[in-house]
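In: pasting the sequence and the predicted model now:
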There are 2 protein chains.
Amino acid sequence: MVSVAVIGAGAVGGYYGALLARAGHDVRFLMRSNLAEVRKGGLDVRSIRGDFRLPAVSAFATPEEIGPADWVVCSLKATAVGEAQELVAPCVGPNTRVLALMNGLGIEERFADWFGADRIFGGMAFVCINRGDPGVIHHLEYGRISIGHFQDVPAELAELEVLLESAQIEVTAAPSLRYARWEKLCWNIPFNGLSVAGGGIGTQTIVRDGPMRATAERAMREVISIGNADLSMAGSSARLDPDAVVDWMFAQTDTMGEYRTSMAIDFVLGREMESEAILGEPLRRAAHLGVAAPTVETLYALVRAAGLRNRGEISALTPGDLEVTPPSVV
Amino acid sequence: MVSVAVIGAGAVGGYYGALLARAGHDVRFLMRSNLAEVRKGGLDVRSIRGDFRLPAVSAFATPEEIGPADWVVCSLKATAVGEAQELVAPCVGPNTRVLALMNGLGIEERFADWFGADRIFGGMAFVCINRGDPGVIHHLEYGRISIGHFQDVPAELAELEVLLESAQIEVTAAPSLRYARWEKLCWNIPFNGLSVAGGGIGTQTIVRDGPMRATAERAMREVISIGNADLSMAGSSARLDPDAVVDWMFAQTDTMGEYRTSMAIDFVLGREMESEAILGEPLRRAAHLGVAAPTVETLYALVRAAGLRNRGEISALTPGDLEVTPPSVV
């Protein structure tokens, strides 16, 4: 039995934490919303892989109550990365390892600064999960986690792989975490970006429309260029093969149905989007590396503008604005 | 007195036609909507340059009733260019000259094919006009028309200049029509494009936001590259000076207030947008010339998608789509 602190028990943390708890591990959840309901009624997972209930769940309001654990799974939204240090630190003892199960670029770097590089892991969840009523998690599709160790030490990575597989979680161990992050961005940047810039549209709508499909591919090739420059500068020999990545990503997307990206869901529900982690940070990396990425820059500007509209910081015209008021007759 | 057939008496044709009629010219309007009202009540122009009424207006339902005129002003929306030949032809006699007062690229080329190159002129209106109640035109801002002759013959252009100035219309005579078209596209492509892709936003919102301003500039520089390649291929010695054009366009836009582009207005009102004339045709020219324009291509894909959404051909998510329906309990 391994002790696991789950920091950020939203849909992703709740789901994977519940799988680990079901497997018999000592899982302690940090919860903001739904704490009382979960303490009273446990967690209810309704999953395409089979429903299950955890009647008794260790849920806490502060990380101090959780204390040091063998593993910390930090599944905060990337927009909350600023709070991660404060929330994770009380759970980190001398031998604790930390998995940042979060979207975007530059996440593990910050964890490594805070807690030391050798204990940091990154994870990317390929999964569709929503929260329902308090204490209820809906697992709708997929479920695989791609993992890497911040220093790419295979023996370290094997330990995390064993832990996750003990909970029947499908795992891919990436030889290079940096490569894996860029590989995920090859999908996330074009499809999250276009899904929001296109007004909240699904992935089939994008891939079936000629000009949007071409834009997705152009964005993807720009991401590949930035990623390869970044891998090169980091001294990694791993490279993204442009044609192979494009072919594979589109083959996957063509057959996956009208998938709603997390960013489109956040946009439509008026929630904060992970624009900086998914688009802004890769573009800052591109600027630093001197790689041009005009398509990605355009998507970033428009996704950012969509967030400003959602927050009422800029406003769009409405039909009412366009009624001409005739000058009064004197 | 000159006879003028105005084909497409919407806001633009109605306004400039009314100015020509006020100056004593024999102006005959082709009208689809509001024909009965205008025949009965005339035209009522409410203008920042001074209101005026034309109690008796020559308005017709078919171009055959209008017949050949000295000048044809074709002010159809660019989306209706397919109907232009049929509507203009009955008004073209041996000595008729034709002014295509329309947005976008490739317009005069089609008129030249239909009616002969030497009689074709192009015009770009820099003006903000709306139609109000039937027979009422609101002129809100600006008013200048930039004109060029399809073959750039100065003596021909001078005749059109005289006609328009006789009606107190501010005119700029462009030595090169092709140059003038591209110069207008340098503004229209970034600002019409972003105003729609940004969800129906105004120009101040664009220029005051760092990433959108940078995107507008990047798009403008792409348009300049396409335009210069096009001018070069056409054997013209005219060139757009990138820094000078960018500086001038942004200086104008920075001081012009929260301008609502025609495309944003069309988008918000659910009307057909001039996407092909303003974005699609310049991109086809770019492809033909081998000039890369990734920012413009992205804007085109998103403006086109906005039109598909407006027509219900693709659909965006709504918050209601995102309510998870819990599986029924058996």
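Out: That came through, no problem.

In: can you pull out the helices in the stretch 101-250 of chain A?
Out: A:107-115, A:154-166, A:177-197, A:203-207, A:210-233, A:242-255 (DSSP state H, counting those that start in this stretch).

In: how far does the last one sit from the chain's center?
Out: Same thing as helix A:242-255. 20 Å (Cα atoms, centre = their mean, to the nearest Å).

In: could you check the angle helix A:177-197 makes with it?
Out: Per axes from the mean of the first three to the mean of the last three Cα atoms, to 10 degrees, the angle that helix A:242-255 makes with helix A:177-197 is 50 degrees.

In: which strands and helices sit next to helix A:242-255?
Out: helix A:177-197, helix A:203-207, helix A:210-233 (3 or more Cβ pairs under 8 Å, 6 or more residues apart in numbering or on different chains; DSSP states H and E). (C-beta placed from N, C-alpha, C; glycine too.)

In: past it, which element shows up next along the chain?
Out: Proceeding N to C from helix A:242-255, the next assigned helix or strand is helix A:262-268, under DSSP states H and E.

In: next to chain B, which bits of the stretch 101-250 of chain A? Give me the list.
Out: A:130, A:132-133, A:136, A:138, A:140, A:194, A:197-202, A:205, A:209, A:211-212, A:214-215, A:218-219 (Cβ under 8 Å from any Cβ of the partner chain).

In: from these, which would you call buried?
Out: A:130, A:136, A:138, A:194, A:197-202, A:205, A:209, A:211-212, A:214-215, A:218-219 (16 or more other Cβ atoms under 10 Å in any protein chain shown).

In: returning to that earlier point: would TSV of the helices and strands packed on helix A:242-255 with mean pLDDT be doable?
Out: Formatted as TSV, those follow (pLDDT from 0 to 100):
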stretch	mean pLDDT
helix A:177-197	97
helix A:203-207	97
helix A:210-233	98
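
In: JSON lines for those helices, including distance to residue A:247?
Out: JSON lines is the format used below for the helices and strands packed on helix A:242-255 (distance: least, Cβ to Cβ, whole Å):
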{"stretch": "helix A:177-197", "distance to residue A:247": "12"}
{"stretch": "helix A:203-207", "distance to residue A:247": "13"}
{"stretch": "helix A:210-233", "distance to residue A:247": "10"}
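
In: which phi and psi does the spatially most central residue of chain A have?
Out: In chain A, the residue lying closest to the centroid (Cα atoms, centre = their mean) is residue A:103, at 2.8 Å. For residue A:103, the backbone dihedrals (degrees, to the nearest 10) come out as phi -80, psi 150.

In: okay, the helices of the stretch 101-250 of chain A in a markdown table with distance to residue A:14 next?
Out: Shown next, in a markdown table, are the helices of the stretch 101-250 of chain A (distance: least, Cβ to Cβ, whole Å):
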| stretch | distance to residue A:14 |
| --- | --- |
| helix A:107-115 | 20 |
| helix A:154-166 | 16 |
| helix A:177-197 | 21 |
| helix A:203-207 | 25 |
| helix A:210-233 | 30 |
| helix A:242-255 | 26 |
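
In: list of residues touching stretch A:62-70?
Out: Contacts of stretch A:62-70 with the rest of the structure, by Cβ atoms under 8 Å, 6 or more residues apart in numbering or on different chains, involve A:2-5, A:7, A:26, A:28, A:30, A:60, A:87-93, A:95-97.

In: got the residue ranges for the strands in the stretch 1-150 of chain A?
Out: A:3-7, A:26-30, A:43-47, A:52-54, A:58-60, A:69-74, A:92-101, A:120-131, A:136-149 (DSSP state E, counting those that start in this stretch).

In: kindly reformat the ones you listed as JSON lines containing mean pLDDT.
Out: As requested, the strands of the stretch 1-150 of chain A are exported to JSON lines (pLDDT from 0 to 100):
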{"stretch": "strand A:3-7", "mean pLDDT": "98"}
{"stretch": "strand A:26-30", "mean pLDDT": "98"}
{"stretch": "strand A:43-47", "mean pLDDT": "96"}
{"stretch": "strand A:52-54", "mean pLDDT": "97"}
{"stretch": "strand A:58-60", "mean pLDDT": "97"}
{"stretch": "strand A:69-74", "mean pLDDT": "98"}
{"stretch": "strand A:92-101", "mean pLDDT": "98"}
{"stretch": "strand A:120-131", "mean pLDDT": "91"}
{"stretch": "strand A:136-149", "mean pLDDT": "93"}
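
In: what's near enough to touch residue A:191?
Out: By Cβ under 8 Å, 6+ apart, the contact list for residue A:191 reads A:203, A:206, A:216, A:253, A:259, A:261.

In: quick one, what contacts the second one?
Out: Applying Cβ under 8 Å, 6+ apart, we find residue A:206 in contact with A:191, A:194, A:195, A:198, A:212, A:213, A:216, A:253.

In: over to residue A:20?
Out: Per Cβ under 8 Å, 6+ apart, neighbours of residue A:20: A:4, A:27, A:163, A:166, A:167.

In: and which of those is nearest to chain B?
Out: residue A:167 (22.5 Å; Cβ to the nearest Cβ).

In: quick check: phi and psi at that closest one.
Out: Torsion angles, degrees, to the nearest 10, at residue A:167: phi -100, psi 20.

In: how many neighbours does it have?
Out: Using other Cβ atoms under 10 Å in any protein chain shown, residue A:167 is surrounded by 20 other residues.

In: wait, isn't it in contact with residue A:22?
Out: Yes - with contact defined as Cβ atoms under 8 Å, residue A:167 counts as touching residue A:22 (6.9 Å).

In: and of the helices and strands packed on helix A:242-255, who's closest to residue B:272?
Out: Closest to residue B:272 of the helices and strands packed on helix A:242-255 is helix A:210-233 (Cβ to Cβ; 17.1 Å).

In: that'll do, ta.
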